[in-house]
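Colleague: Provided below are the primary sequence and the corresponding predicted coordinates.
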Amino acid sequence: MNENPLVTKLGNFVDLQADDLQLIRAWSLPAIRLATGTTFIAEGDRPERICLLLEGWGYRYKTLRDGNRQILAFLLPGDMCDLHAFILSKADHDIAMLTDATVAFVSGKDVMQAVDSHPRLTRALWWSTLVDEGIAREWIVNLGRRRAVHRVAHLFCELWLRLRMLGMTSDGEFLFPLSQEVLSDAVAMTPVHVNRMLRELRERNLLEFRDKHVAIPDVGRLMSFVDFDPSYLQLERRDLSGDLRHLRS
C-alpha cells in the first residue's frame, strides 16, 4: 500500500482535492514507531492529540475490575483513533497497538482548522466517524444476538471488506495478526470456544489459516453463511457536489 492510508480510506467516499491531500500528508509527519502492546490512550487520560494509524493494527478496549477485557473495535491503517476525543474531558477506554505500528499524532487544533477551511475533507471525516458508529452498532448485534460461529464469521467478513478498501487483500487472503485470545475478547467467548468455532469454519471450507494469514476461499459463500449485510460500512460513494456547495455558501 503505497498511498497514504487515510487518503486511500477517505478516497473511497469522496474525491479529495489537492489541498486536502496536502493537508493529510502534513498530518502524517512526523511518523513514529510504536511497539506491540503500547497503550497510547488510557482510560482517564485527557487526549489533546489524535492518533493517525499509518501502518499496523490497533484496538480499542475496556478492562473490568476483575481483569476481564472486552475489545470494542479493531483499528486499521487510515483510522484516526477517536477523531473527536480531544473534545472530551477524559477518555473512557484504552487504545493500544495490536502489532508493531507506525503512527502520527495530529493536534485537535489542526483538525478544527481543517474543519473550518476544507469542506470536502470535513464531510469525508464525518463519513469516517459515522462508519465507526455503524461498526459499533453491528458489534452490539453480533455479541447480543448471533450464534457463536456466526459472530466469528461476521467479524472475518467485516475485516476483509475494510482491508479490501485499503488494498490490503489478495484473492480473499489477508494478514491476520490476531491471536485466539485477542479474538475471544472481541467476540466475548473463551479461547477454547473460539478454537472450536474456527475449526467449524475450516471444516465447512469457509476459512483457511496459514502463516499468520487467513484466506476466504469463497467470500460470497461466507457472507451468505452469516447473512452478512455490508451496508453499515457505507461502501457506496455519494455525489456530494450539491452538499459541498451548500457548505461553502
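Modeller: Yep, it's here. Predicted model only: the values in this text are computed from it and were never measured. Residues are numbered from 1 along each chain as shown.
Colleague: going forward, measure contacts and count neighbours with C-alpha atoms only.
Modeller: Will do.
Colleague: low-scoring stretches of this structure, by residue?
Modeller: For the chain, the stretches with pLDDT under 70 are 1-2, 237-249.
Colleague: longest helix of it, counting residues only.
Modeller: In the chain, taking DSSP state H as the definition, the longest helix is helix 119-145.
Colleague: burial check on the residue lying closest to Leu175 once chain neighbours are set aside, number of neighbours?
Modeller: Nearest residue to Leu175, sequence neighbours excluded (Cα to Cα, 6 or more residues apart in numbering): His213, at 4.4 Å. As a burial measure, His213 scores 13 neighbours (other Cα atoms under 10 Å).
Colleague: repeat that for the one 3 residues further on.
Modeller: Ile216 is surrounded by 21 other residues when neighbours are defined as other Cα under 10 Å.
Colleague: list the contacts of it.
Modeller: 172-173, 206-208, 222 (Cα atoms under 8 Å, 6 or more residues apart in numbering).
Colleague: give me that answer again for 6 Å
Modeller: Counting by Cα atoms under 6 Å, 6 or more residues apart in numbering, Ile216 touches 172, 207.
Colleague: separation between it and Ala148?
Modeller: Going from Ile216 to Ala148 by Cα to Cα, to the nearest Å gives 19 Å.
Colleague: what bridges to the residue nearest to Leu175?
Modeller: Going by DSSP bridges, His213 is paired in beta bridges with Leu175, Arg210.
Colleague: I'd say it and Pro177 touch.
Modeller: No: counting by Cα atoms under 6 Å, His213 sits too far from Pro177 to count as a contact (7.5 Å).
Colleague: can you give me the helices for this structure?
Modeller: Using DSSP H, the helices of the chain run over residues 5-11, 18-27, 108-117, 119-145, 148-165, 180-187, 191-203, 219-226, 241-248.
Colleague: turn the ones you listed into a markdown table, including mean neighbour count.
Modeller: What follows is these, written out as a markdown table (neighbours: other Cα atoms under 10 Å):
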| stretch | mean neighbour count |
| --- | --- |
| helix 5-11 | 20 |
| helix 18-27 | 14 |
| helix 108-117 | 14 |
| helix 119-145 | 17 |
| helix 148-165 | 19 |
| helix 180-187 | 19 |
| helix 191-203 | 16 |
| helix 219-226 | 16 |
| helix 241-248 | 11 |
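Colleague: in a markdown table: these, plus distance to Phe40.
Modeller: Output for the helices of the chain, formatted as a markdown table (distance: least, Cα to Cα, whole Å):
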| stretch | distance to Phe40 |
| --- | --- |
| helix 5-11 | 19 |
| helix 18-27 | 18 |
| helix 108-117 | 16 |
| helix 119-145 | 19 |
| helix 148-165 | 23 |
| helix 180-187 | 18 |
| helix 191-203 | 26 |
| helix 219-226 | 34 |
| helix 241-248 | 34 |
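Colleague: out of the ones you listed, the one nearest Asp45 is which?
Modeller: Among the helices of the chain, helix 108-117 comes nearest to Asp45, with 14.8 Å by Cα to Cα.
Colleague: need the residues that contact the closest one.
Modeller: Helix 108-117 is contacted by residues 49, 122 when judged by Cα under 6 Å, 6+ apart.
Colleague: same question, stretch 78-95
Modeller: Stretch 78-95 is contacted from outside by 5-6, 39, 41-48, 51-54, 59-62, using Cα under 6 Å, 6+ apart.
Colleague: show me what Glu55 is bridged to.
Modeller: Under the criterion used (DSSP bridges), Glu55 bridges to Thr102.
Colleague: for burial, what's the neighbour tally of it?
Modeller: Glu55 sits with 19 neighbouring residues when counted by other Cα under 10 Å.
Colleague: distance from the chain centre to stretch 139-146, please.
Modeller: Relative to its chain's centre, stretch 139-146 lies at 18 Å (Cα atoms, centre = their mean, to the nearest Å).
Colleague: scratch that, stretch 47-65
Modeller: 10 Å.
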